Structures are given as structure tokens and as C-alpha cells.
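1. After the sequence you'll find the predicted model.
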Amino acid sequence: MFIGEYRHNLDSKKRVIIPAKFREELGDLFIVTRGLDGCLTVYTQEQWATLLEQLQKLPTTKKESRLYVRSITSKATECECDGQGRIQLPSYLISEAAIEKECVIVGVADHVEIWANARWEDYQQDSEAFEDVAEQLTDFLL
């Protein structure tokens with residue numbers, strides 16, 4: 001399970017440190033792709049295979065399905081950590097997530113997200129929405 005929030009900077013070679021606790025669970029090779037809400041999403045190989053199976057179940061006759069599948073798979077890249085625990089992010093993913101330098105790496109139960117610090121701070125500002133969403137989703141947890 002991935003939990004916690006870690007802050008690191010993108011270096012001049014477009015590398016970011018993946019927290020040691022996350023590296024252990026991600027394994028040697030993992031997938032980084034476009035995520036929802038303006039972040040990047042990191043999946044283990046097993047999670048990625050499961051996601052691909054689910055994406056293949058979407059109806060190819062629906063424009064929205066084709067758009068979603070293309071958006072996830074075309075931006076995906078395999079990553080592995082170097083000796084210092086860093087991964088190199090491709091320019092297109094850095095642009096996609098609006099990462100300039102400061103990053104927030106977040107554990108989200110079954111996956112990891114990489115956020116531009118500014119986007120993460122904006123996302124976190126809406127604490128009232130958190131309360132409303134929690135109230136609306138309570139029935140799903142029972």
C-alpha cells in the first residue's frame with residue numbers, strides 16, 4: 001500500500017527522487033503516465049497489466065473510450081530508478097503535469113501520483129470539498 005506525501009525537486013536532467021518506501025513496492029520497472037486532475041500516475045507492472053485489461057473492455061465504438069485509452073497509453077513510459085532512487089521523466093510528462101521544479105510524490109493506496117507543487121497546493125486548498133465528498137461517499141464504505 002502506498003501512503004504518505006513526499007517533496008522533492010526535479011533536477012536539471014529532469015530526474016526526480018522516488019521515496020524509498022515507494023521504490024520497494026514499485027519494483028525495478030514501473031509505468032508512469034498521465035493521471036487525472038493534472039498529475040502523473042505511477043503503476044507497478046502488475047497494476048498496469050490490470051489497467052490495460054480494464055481499458056480493453058471499454059467499447060471502441062465510443063469516442064470517449066477511444067480518447068481515454070489513447071490519453072492513458074500514449075503518454076505511458078517505463079521507468080526504473082537509478083542508484084540514487086531517481087527516475088528520469090520525459091519532457092512530455094513534465095509538461096503534462098506542469099512540473100517546473102518542486103514536486104510532491106503522493107501515495108494513493110494502490111498507486112503513486114507525482115504532482116507539481118503548485119497544482120498540489122491548489123488541489124489541497126479546497127478542504128470544504130473534502131468534507132462534502134466524504135459525506136457523499138460514506139454509503140459506499142458501509
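-> Everything's here; your move.

2. When you work out contacts or count neighbours from here on, use the C-alpha atoms and nothing else.
-> Will do.

3. What ranges does the chain have for its strands?
-> For the chain, the strands defined by DSSP state E cover 5-9, 15-17, 30-34, 40-44, 77-79, 86-88, 102-108, 111-116.

4. What's the mean pLDDT across the second one?
-> Same thing as strand 15-17. Strand 15-17 shows a mean pLDDT of 97.

5. buried residues in the longest helix anywhere in the chain?
-> The longest helix of the chain (DSSP state H) is helix 127-141. By neighbour count with 16 or more other CA atoms under 10 Å, helix 127-141 contains no buried residues.

6. Kindly report the same for stretch 39-59.
-> Neighbour-count burial for stretch 39-59, counted by 16+ other CA under 10 Å, picks out 39-45, 47-48, 55.

7. circling back to that earlier point, I'd like the strands of the chain as CSV, with distance to Ile94 appended.
-> Below are these laid out as CSV (distance: least, CA to CA, whole Å):
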stretch, distance to Ile94
strand 5-9, 12
strand 15-17, 10
strand 30-34, 10
strand 40-44, 9
strand 77-79, 12
strand 86-88, 10
strand 102-108, 10
strand 111-116, 9
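
8. quick revisit: could the buried residues of stretch 39-59 go into JSON lines alongside distance to Glu25 and pLDDT?
-> Converted to JSON lines, the buried residues of stretch 39-59 look like this (distance: CA to CA, whole Å; pLDDT from 0 to 100):
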{"residue": "Cys39", "distance to Glu25": "20", "pLDDT": "97"}
{"residue": "Leu40", "distance to Glu25": "18", "pLDDT": "98"}
{"residue": "Thr41", "distance to Glu25": "15", "pLDDT": "98"}
{"residue": "Val42", "distance to Glu25": "11", "pLDDT": "98"}
{"residue": "Tyr43", "distance to Glu25": "10", "pLDDT": "98"}
{"residue": "Thr44", "distance to Glu25": "8", "pLDDT": "97"}
{"residue": "Gln45", "distance to Glu25": "11", "pLDDT": "97"}
{"residue": "Gln47", "distance to Glu25": "11", "pLDDT": "96"}
{"residue": "Trp48", "distance to Glu25": "14", "pLDDT": "97"}
{"residue": "Leu55", "distance to Glu25": "23", "pLDDT": "96"}
